[in-house]
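> Generate coordinates for the sequence data below:
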Amino acid sequence: MVSMNSTVKMTFRNTATFFGVHVASTPLDLNYYQLTLATGNMPKFYQSRKSQRSIKVMVKGSHIPLYGGGARLNTVNGSPVEPVPLTLNIMVRSKAYVLGALVKPKFNKKIECALIMDPKKMGKPIRLTNKCTYEL
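Sure thing, here's the model as predicted:
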């Protein structure tokens, strides 16, 4: 059984000069291989033109059974001994109203970040720069 509590901090930037963007509420998943250990929900918001904001999302999982998938995880007193590979999956869905209701382009981006949780660095932030891939 695995319990996990973490926070993901993201910065959204709208560089458009003429229109704002509506970002929909989407889930965030933290996976150990194909097994989802923790989930969280990004709140919906409106990002005005030429602006940016930081958002913090709680990603939690409580008593998740590993079903034999964690056979490679060695623990001492409930803490892992060696680094654990994790994948953070985010789907960002946004919509812009360019000419009122006439033109409404939609933008869907799938973001996947490969990160390693090191037990020696527990409680310290893990930087996601250069660890993420983006799909349209």
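> now the nearest residue to residue 126 once chain neighbours are set aside, which residues is it bridged with?
For residue 126, ignoring the flanking residues on the chain, the nearest one in space by C-beta to C-beta, 6 or more residues apart in numbering is residue 115 at 5.4 Å. (C-beta placed from N, C-alpha, C; glycine too.) Assessed by DSSP bridges, residue 115 has beta-bridge partners residue 86.
> wait, what's in contact with residue 115?
With contacts defined as C-beta atoms under 8 Å, 6 or more residues apart in numbering, residue 115 is in contact with 85, 86, 87, 88, 126, 128, 131.
> Take the residues you listed and lay them out in CSV including neighbour count and distance to residue 109.
Converted to CSV, the contacts of residue 115 look like this (neighbours: other C-beta atoms under 10 Å; distance: C-beta to C-beta, whole Å):
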residue, neighbour count, distance to residue 109
85, 12, 23
86, 19, 20
87, 16, 16
88, 21, 14
126, 15, 21
128, 15, 14
131, 13, 16
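> Next, the residue of the chain most remote from its centre: secondary structure please.
Centroid-distance maximum for the chain: residue 102 at 32.0 Å, with C-alpha atoms, centre = their mean. With DSSP: H, G, I helix; E, B strand; the rest coil as the basis, the three-state label of residue 102 is coil.
> what about it, distance to residue 19?
From residue 102 across to residue 19, the span is 12 Å (C-beta to C-beta, to the nearest Å).
> Residue 76 too?
54 Å.
> would you list every one of the strands in this protein?
2-14, 21-23, 26-32, 35-42, 45-47, 51-64, 75-76, 79-80, 84-96, 106-117, 132-135 (DSSP state E).
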